[in-house]
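In: just coords:
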């Protein structure tokens, strides 16, 4: 698969996940709007590791976020009271971050660059062998 094909496949998968999240998103049934939700993502499936998942949740808890459900090893749904917004300025983090670790774009670039470096090294090795 070409780099463009891999990138297109990753984008299509991301769109499917986002559509699924919209379809199954919890609707705020509280008419006062006292609760807000977000999806926390990990492009590297870091939530598969319980220690990394717990560390991410602990960091989010400082901003008042709590786990609603773990969707899979890459996504978790969180919620918090809107009253927590009053403390946001005091935090040393973005309370509305949705990404843990490297983003999907950064991961894709890293993979493409790694493949290109591997191809260049392989071609170099072949060139050295042909000269002998």
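Out: That came through, no problem. What you see is a predicted model, and the numbers here were worked out from it, not measured in a lab.
In: Give me the pLDDT for residue 98.
Out: Residue 98 is assigned 92 on the pLDDT scale.
In: wait, residue 12
Out: In the prediction, the pLDDT value recorded for residue 12 is 78.
In: Over to the one 4 residues further on?
Out: In this prediction, residue 16 carries a pLDDT score of 75.
In: okay, now it: neighbour count?
Out: The burial metric for residue 16, expressed as a neighbour count using other Cβ atoms under 10 Å, is 10. C-beta: built from backbone N, CA, C; applies to glycine.
In: for the nearest residue to residue 78 once chain neighbours are set aside, what are its contacts?
Out: Nearest in space to residue 78, with sequence neighbours left out and distances taken as Cβ to Cβ, 6 or more residues apart in numbering, is residue 65 at 4.2 Å. Listed by Cβ atoms under 8 Å, 6 or more residues apart in numbering, the contact set of residue 65 reads 38, 40, 57, 78-80, 84, 95.
In: Name the surrounding residues that touch stretch 40-55.
Out: Against stretch 40-55 from outside (Cβ under 8 Å, 6+ apart): 56, 60, 65, 70, 72-78, 97-104, 106-107.
In: distance of residue 12 from residue 78?
Out: Residue 12 sits 26 Å away from residue 78 when distances are taken as Cβ to Cβ, to the nearest Å.
In: With residue 35 instead?
Out: With distances defined as Cβ to Cβ, the gap from residue 35 to residue 78 amounts to 11 Å.
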